[in-house]
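Asks: Below is the sequence, then the predicted model.
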Amino acid sequence: MPDLDVATRSERAVGDGMTSSANGGRTIARRRALPGGRAVVGGFLIATATVVTFWAYTGASRTPRQSYVVAAHALAPGTRIGADDLRVVALDVPDPEVRAQLFGTASVLVGVSVLAPIAPGALIEASEVVGRAGAPGSHEISISVDRSRAVGGTLKPGEYVDVLSTFGQGAASSTVVMVPHVEVLAVAGSGSGAVGDTPTEILVLSAPDGGSAEAIADAAVATQLTLVRAAEQGPDAPVTTVAPFQPQVGSGA
């Protein structure tokens, strides 16, 4: 008979992953199975979460770049800052206390005055400047006036008033316009209005020059002030309420 290529059951088993032991026994060798679909998806999700966590930590620990205002050139004390004096740059400022003293917008610094020398490219800090609301060359001065003599407490920033001074008392008194057409920069109430307490207004005025500031200061100490809402409103309005300073003396009263 011709030779037949007949594989026994044991031989087939060996070919299918079984091995024969030396004593004729059989040992089953388990095949390595490929990862299932769920295992692949789970591994992908774990890897993704790891990457996201890493980037989140990196972003949280890194100081973000923000815009800050710096000097476009050297600024001397007394300089009134204009738009051309400023630049905005992106910087990393890690110290939160320093960031709190800086400015992120140039427009808020236009018009303020420099208190200390600022080098070109240096960050401008709040302690180096002071806000100015009046016109160039003007002087800011604050006064306290009874509300009844400050247009009933209805004055608002941006309005113009005439500062009147009353000298003497009774029939011997006289009132003159001490300084006309003064801009009101700020208004703050003071006084509770209780018995014995006269409600007052504390106002910040923009005196046109040093002489006007001195006149208002003297009048606030030596006379009774009255603020009159100026008939001419606006910085360029013609002033028509000028009156000479003529204190009454020798009245005998």
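Replies: Nice, thanks for sending it over. Numbers count the residues shown, from 1 in each chain.

Asks: Now Glu128: phi and psi?
Replies: Here is the backbone geometry of Glu128 (degrees, to the nearest 10): phi -100, psi 0.

Asks: if you skip the residues just before and after it, what's nearest to it?
Replies: Ala116 (4.8 Å; Cβ to Cβ, 6 or more residues apart in numbering). All C-beta spots, glycine's among them, are computed from the backbone N, C-alpha and C.

Asks: what bridges to the nearest residue to Arg149 once chain neighbours are set aside?
Replies: The spatially closest residue to Arg149, leaving aside those adjacent along the chain, is Thr226, at 4.4 Å (Cβ to Cβ, 6+ apart). Beta bridges link Thr226 to Leu164 when assigned by DSSP bridges.

Asks: I'd guessed Thr226 sits against Arg147; true?
Replies: No. Using Cβ atoms under 8 Å, Thr226 makes no contact with Arg147, being 11.5 Å away.

Asks: more crowded one of those two?
Replies: Thr226 (21 against 18; other Cβ atoms under 10 Å).

Asks: measure that one to Ala219 for me?
Replies: 10 Å (Cβ to Cβ, to the nearest Å).

Asks: Common neighbours of the two, please.
Replies: Contact criterion Cβ atoms under 8 Å, 6 or more residues apart in numbering; residues shared by Thr226 and Ala219: Val163, Ser165.

Asks: which parts of stretch 149-158 are buried?
Replies: Across stretch 149-158, burial judged by 16 or more other Cβ atoms under 10 Å covers Arg149, Ala150, Val151, Leu155.

Asks: Equivalent analysis for stretch 168-175, please.
Replies: Gly168.

Asks: How far does that stretch stretch from one end to the other?
Replies: End-to-end distance for stretch 168-175, by Cα to Cα, to the nearest Å: 9 Å.

Asks: as a whole number, average confidence for it?
Replies: The pLDDT scores in stretch 168-175 average 82.

Asks: I'd like the average pLDDT over stretch 95-105.
Replies: Stretch 95-105 comes out at a mean pLDDT of 87.

Asks: Okay, now that stretch: how far is its last residue from its first?
Replies: End-to-end distance for stretch 95-105, by Cα to Cα: 19 Å.

Asks: Tell me which residues are up against it.
Replies: Under Cβ under 8 Å, 6+ apart, the answer for stretch 95-105 is Gln66, Ser67, Tyr68, Val69, Val88, Val93, Leu109, Leu123, Ile124, Glu125, Ala126, Ser127.

Asks: of these, closest to Ser138?
Replies: Closest to Ser138 out of the contacts of stretch 95-105 is Leu109 (18.4 Å), distances taken as Cβ to Cβ.

Asks: which residues touch that closest one?
Replies: Counting by Cβ under 8 Å, 6+ apart, Leu109 makes contact with Val69, Ile81, Leu86, Phe103, Ile124, Val129.

Asks: Before I go, just wanted to say thanks for your time.
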